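K.L.:
Predicted coordinates and the sequence they were generated for:
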Amino acid sequence: MKLINVTNSHSRLVMQQLESTDAEMVKVYTAGDITVVYTVAPTHYEILLVNEKRAIMKNEVRDIKNYFFKKMPTGTFDPEHFTIIEEPNLVELSIPIL
């Protein structure tokens, strides 16, 4: 699965997130039909997956989670400790910063 950074195409979403949440950085990616919003806040990382056409599969969640876990600075999070909210077309992972 290849993630493509499309943050520049979602400037309104990024600005809204930065203005109305505690987010310090917001990036938007696409992986086929899945839109991924990656957020860094002072106390947590957040990965939001949305697919308006079909349910998100477990292997897609796993692959995207692993992609971002590799990008997060080592020692800033525990890869075994995160909260996940799953709906058919939406998955949210919240990873506390140590």
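P.N.:
Perfect, I can see it now.

K.L.:
tell me the SS of Pro79?
P.N.:
coil (DSSP: H, G, I helix; E, B strand; the rest coil).

K.L.:
Please, where are all the helices along the chain?
P.N.:
Ranges of helices within the chain are 11-20, 58-71, based on DSSP state H.

K.L.:
May I see the buried residues of the first one?
P.N.:
For helix 11-20, the buried set under the neighbour-count rule, 16 or more other C-beta atoms under 10 Å, comprises Val14, Gln17. Glycine gets a C-beta too; all of them are placed from N, C-alpha and C.

K.L.:
OK, contacts around the nearest residue to Glu46 once chain neighbours are set aside?
P.N.:
Nearest non-adjacent residue to Glu46, counting by C-beta to C-beta, 6 or more residues apart in numbering: Thr39, 4.2 Å away. Residues in contact with Thr39, defined by C-beta atoms under 8 Å, 6 or more residues apart in numbering, are Gln17, Thr21, Ala23, Met25, Val26, Tyr45, Glu46, Ile47, Leu48.

K.L.:
Which pLDDT value goes with Thr39?
P.N.:
Thr39 is assigned 97 on the pLDDT scale.

K.L.:
Quickly list what it is bridged to.
P.N.:
Bridge pairing for Thr39 (DSSP bridges) gives the partners Val26, Glu46.

K.L.:
Spatially central residue in this protein, please.
P.N.:
The centre of the chain sits closest to Ile47, judged by C-alpha atoms, centre = their mean, with a distance of 1.9 Å.

K.L.:
my guess is it meets Ile34, correct?
P.N.:
No - with contacts counted by C-beta atoms under 8 Å, Ile47 stays clear of Ile34, the gap being 11.1 Å.

K.L.:
Spell out which residues are contacts of both of these two.
P.N.:
Ile64.

K.L.:
tell me the mean pLDDT for stretch 10-22?
P.N.:
Stretch 10-22 comes out at a mean pLDDT of 96.

K.L.:
can you count the residues close to Glu86?
P.N.:
Neighbours of Glu86 under the rule other C-beta atoms under 10 Å: 13.
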